[in-house]
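[1] Here is the input, now give the coordinates:
(one chain, ligands or ions: 1)
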Amino acid sequence: MPEIRFSQSVSARREQGALVVTIDNPPVNALSAHVRSGLMAALDHATDLPTITGLVITGAGSTFIGGADIKEFGKPPMEPMLPEVIDRIETFEKPVVCSVNGSALGGGCEVALACHGRIAGEKAAFGLPEVKLGIVPGAGGTQRLPRLIGTIAAIDLIGTGRTVNVSEAVALGLADGTAADPVAAALTLLRELGAKPLRRTGLMAVPTVDAAAVSAAEAKVLARARGQSAPVEAVRLVKAAGQVDLKQGLAEERCTFLRLRDSVESAALLHVFFAERAAGKIEGLETVSPRRIETVAVVGAGLMGAGIAVSALISGCRVIALEQTKEAAAGARDRIAETLDKTVRSGRMGQDGRDDCLARLQTTAEAADLATVDLVIEAVFDDLQVKMDLFRRLDGILAPGTILATNTSYLDPDVIAAATTDPTRVVGLHFFSPANVMRLVEVVDCAKTAPDVLASALAFVKRLGKLPVVCGVTEGFIGNRIFSAYRREAELMLEDGAVPDEIDAAFEAYGFPMGIFAVNDMAGLEIAWARRKRQAATRDPAARYVEIADRLCEAGRLGRKSGRGWYAYPNGERTVDPEVTAMIKAARAAKNITPRAITAEEIMGRLLKAMVDEGTALLAEGIAARPGDIDLVMINGYGFPAHKGGPMFTAQQGKDLKS
Ligand code: T1G
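    Numbering: from 1, shown residues only. Next up is the predicted model:
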């Protein structure tokens, strides 16, 4: 059958009397204006030709429809608008069935909801992830989903923005069935539907449900929202679906969608979305092929190493964990197995997946076993001599193509690389703890790192499902340098008149999960103390230096491990300790500082400024390539609230408002 073209991205062919319409708008078949007009034209065509029995809508490539075209946001609206297209599908006189070949997200899921039948291919996924972009569904999702799958499940899906796979979609009633050849199955369903009155989702009644269950589902979503407004609005709209008619519900949804689309929250989350996509793309690496990485060695399987090993195993790699003794190697296997068990308990992996991972794990005390691996990640104690000795030894054992990565947080990877005969194969992979959970990895482009080694490191991190951010060599890389800067500012404020609890409260009210001093207590104060002692000789004597943390350490207050630090922890509860308050007072008195009250607004303003100033310096030094990279590090490594977009985004917003 010849192809009929309706627009640059929408075409169709006749099959078994129906029109099989394909959306081909790479990369993700977003609902750009030409897709919307193409769909309308296809519907017109089917109306005009009485011999056409109905429509099957599908997507070319691996996505069904990735949603509204977010690159059109902020541009003048172009007809036809999506709600119009969706209304036309739902009220169409002939059956319309979608063959969901891949992800049906946002507007894509809303198209599917309006169809009279939905067949899921094996790779299908459904979701309304709008809240992750700071908005709510804008084309009927909040009104049609509860009609189809019930209010409770709709609150969960729309309020969290999570995506469901095929089996869950079928169980929820979101998909009518699944098939290896979804177009063929959709054509069969179309024939069956043709024989009876069409089921129009928007006209269905929302199933009645117990109010207490709705409240519980709502509470769960709101607990995660942490100051974000989109999930709150999304839940409100889903609940309204059960109380008002479709027309009123849709009008309320559209109005909320348009309001949120212009919000700072949405601008921030879109910035994060695009920053994440940009982070993996490095100028000059576009044509560089990464090396194949299938077998990974992790040297030093402590907490960090075990987490890295688990991530690599889950991604399908073979892993060799190297320890110093046979006993330590056995301990490493236990730690890795325990972390995998935790993953099973959390529901993120099945028992079979765990067994499969363990089957790909080898633990050893023989460095010679690493001879043929593709990548070695060193996660031993952060001591320069230890790491240099290790790299020198490995350099003599490994095949020439093997990549050597260091997980150091503060040491100079160029010095570590210099211990090898081939520093071009050395790169930094700075994971965050716990490494099997945290998404961020700073990929350190060392002075001599070869382009294909950097490209391989990036590809490997992405394969782990993590977020790589490239940075140059500097003490603490991007994240810890910024962390040091705002921690220093926080300590200056202690001298100026604030107490730890006030600073932490302001930080947490802004949206960070935990205050600066509480984080310090959790991580332990001794590593920074040791660093300060190392740096004492070279410190600028004219620069303001806050000694309070040193006094705490000298008093044995090393953080939670020692039972007390910036706070006391009676019964595990974080509590203000008068002893610390007295130490702070004494430090002020020793410097003749008259304390003054500092408001929460000033506290947050000063902390943000410290972050932005350090970020600006990192950009100027060429350590970070883009402001968005800095924002990603702060959001994914340090708990900066994503819906505020990161410090650099916040600073830019401030400038935009002033200009
Ligand atoms: N619009 C425009 N471009 C998009 C896009 C979209 N919706 N989604 C992705 N891209 C671009 C992306 O910027 C990148 O571009 C490329 O596609 C590949 O993306 C009315 C309000 C579909 C699961 O939130 O989750 O519908 O960097 O690297 O890993 O209610 O993209 O190459 O230039 O992520 O294969 C709701 C967002 C929109 C889905 C594919 N939809 N996208 O993952 O590729 S709002 C979403 C994704 C909405 C209605 C409303 C993923 C993906 P570049 P990628 P991937």
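[2] mind listing what the most centrally placed residue in the chain touches?
    Most central residue of the chain, judged by C-alpha distance to the mean C-alpha position with CA atoms, centre = their mean, is R439 at 6.6 Å. For R439, the contacting residues are G465, K466, L467, N636, taking CB atoms under 8 Å, 6 or more residues apart in numbering as the criterion. Every C-beta, even on glycine, is put in place using the N, C-alpha and C of the backbone.
[3] Check what pLDDT it gets.
    What the model reports for R439 is a pLDDT of 97.
[4] and it, how far is that from the ligand?
    14 Å (CB to the nearest ligand atom, to the nearest Å).
[5] Among the contacts of R439, which lie within helices?
    N636 (DSSP state H).
[6] List only buried entries from the contacts of R439.
    Neighbour counting over the contacts of R439 (16 or more other CB atoms under 10 Å) leaves K466, L467, N636 as the buried ones.
[7] Out of those, flag the one nearest to the ligand.
    Proximity to the ligand was ranked across the buried ones among the contacts of R439 by CB to the nearest ligand atom; first place goes to L467, at 11.7 Å.
[8] still on that earlier bit, specify which member of the buried ones among the contacts of R439 is nearest to E265.
    Using CB to CB, N636 comes nearest to E265 of the buried ones among the contacts of R439, at 18.0 Å.
[9] Surely the closest one and M438 touch.
    Yes. Under the contact definition of CB atoms under 8 Å, N636 touches M438, with a separation of 7.2 Å.
[10] Tell me which residue of the stretch 201-350 of the chain lies closest to the ligand.
    Nearest residue of the stretch 201-350 of the chain to the ligand, counting by CB to the nearest ligand atom: R277, 3.7 Å away.
[11] a helix runs through that residue, doesn't it?
    Yes. The assignment for R277 (DSSP: H, G, I helix; E, B strand; the rest coil) places it in a helix.
[12] those helices in the stretch 351-500 of the chain, which residues are they?
    In the stretch 351-500 of the chain, the helices defined using DSSP state H, counting those that start in this stretch lie at 351-359, 384-397, 413-417, 451-463, 477-496, 500-510.
[13] Mind picking the two most distant members of the contacts of R439?
    Based on CB to CB, the longest span within the contacts of R439 runs between G465 and N636 and measures 12.6 Å.
[14] From E489, how far off is I416?
    The span separating I416 from E489 equals 31 Å under the rule CB to CB, to the nearest Å.
[15] Give me the more crowded residue out of those two.
    I416 (23 against 20; other CB atoms under 10 Å).
[16] Distance of the more buried one relative to the ligand?
    Computed with CB to the nearest ligand atom, the distance linking I416 and the ligand is 32 Å.
[17] Pull the contacting residues for that residue.
    Residues counted as contacts of I416 (CB under 8 Å, 6+ apart) are L384, K387, M388, F391, T406, T408, V426.
[18] for V296, same thing?
    When contacts are counted by CB under 8 Å, 6+ apart, V296 is found next to A309, A312, C317, R318, V319, I320, V373, D374, L375, V376, I377, F460.
[19] repeat that for 6 Å
    A312, C317, V319, L375 (CB atoms under 6 Å, 6 or more residues apart in numbering).
[20] Pretty sure the last one sits against I293.
    It stands for L375. Yes. If you go by CB atoms under 6 Å, L375 and I293 touch, sitting 5.0 Å apart.
[21] For these two, indicate the residue with more neighbours.
    Counting neighbours by other CB under 10 Å for L375 and for I293 shows that L375 has the greater number, 26 against 19.
[22] Just list whatever residues bridge to that one.
    Following DSSP bridges, L375 is listed with bridge partners V296, I403.
[23] could you measure it against A589, distance?
    L375 sits 54 Å away from A589, going by CB to CB.
[24] Check I86 too.
    I86 sits 69 Å away from A589 when distances are taken as CB to CB.
[25] out of the two, which sits in the busier spot?
    The neighbour count for I86 versus A589, taken as other CB under 10 Å, is higher for I86 (26 against 11).
[26] In this structure that one contacts A114, no?
    Yes. Proximity of I86 to A114 meets the contact threshold set by CB under 6 Å, at 4.5 Å.
[27] give the contact list for V344.
    With CB under 6 Å, 6+ apart as the criterion, the residues that contact V344 are R354.
[28] Return the helix or strand hosting it as PDB; C-alpha atoms alone will do.
    In the assignment (DSSP states H and E), V344 maps to helix 326-345. The C-alpha coordinates for helix 326-345 follow below in PDB (Å, rounded to 0.1, in the frame of the first residue of the first chain):
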ATOM      1  CA  LYS A 326      41.900 -13.400  51.200                       C
ATOM      2  CA  GLU A 327      40.000 -12.600  54.400                       C
ATOM      3  CA  ALA A 328      39.400  -9.100  53.200                       C
ATOM      4  CA  ALA A 329      38.300 -10.400  49.800                       C
ATOM      5  CA  ALA A 330      35.700 -12.600  51.500                       C
ATOM      6  CA  GLY A 331      34.500  -9.600  53.500                       C
ATOM      7  CA  ALA A 332      34.100  -7.700  50.300                       C
ATOM      8  CA  ARG A 333      31.900 -10.400  48.800                       C
ATOM      9  CA  ASP A 334      29.800 -10.300  51.900                       C
ATOM     10  CA  ARG A 335      29.500  -6.500  51.800                       C
ATOM     11  CA  ILE A 336      28.500  -6.600  48.100                       C
ATOM     12  CA  ALA A 337      26.000  -9.400  48.700                       C
ATOM     13  CA  GLU A 338      24.500  -7.500  51.600                       C
ATOM     14  CA  THR A 339      24.100  -4.300  49.500                       C
ATOM     15  CA  LEU A 340      22.500  -6.400  46.700                       C
ATOM     16  CA  ASP A 341      20.100  -7.900  49.300                       C
ATOM     17  CA  LYS A 342      19.100  -4.500  50.400                       C
ATOM     18  CA  THR A 343      18.300  -3.600  46.800                       C
ATOM     19  CA  VAL A 344      16.100  -6.700  46.700                       C
ATOM     20  CA  ARG A 345      14.400  -5.800  49.900                       C
END
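[29] buried sites along that helix?
    Across helix 326-345, burial judged by 16+ other CB under 10 Å covers A328, A329, G331, A332, R333, R335, I336, A337, T339, L340, T343.
[30] Specify which member of these is nearest to A205.
    T343 (40.6 Å).
[31] name the element the residue lying closest to the closest one once chain neighbours are set aside belongs to?
    Counting by CB to CB, 6 or more residues apart in numbering, T343 lies nearest to M349, which is 4.6 Å off, once chain neighbours are set aside. When secondary structure is defined by DSSP H and E, M349 falls outside every helix and strand.
[32] Pull up the gap between the residue in the stretch 351-500 of the chain positioned nearest to the ligand and P182, please.
    When CB to the nearest ligand atom is the measure, the stretch 351-500 of the chain has its nearest residue to the ligand at K462, with 9.1 Å between them. Computed with CB to CB, the distance linking K462 and P182 is 28 Å.
[33] And the two? Which one has more around it.
    P182 (27 against 16).
[34] need the contact list for the more buried one.
    Under the criterion of CB under 6 Å, 6+ apart, the contact partners of P182 comprise S99, I119, G121.
[35] Let's verify the first one: helix, strand, or coil?
    Secondary structure, three-state DSSP: S99 is strand.
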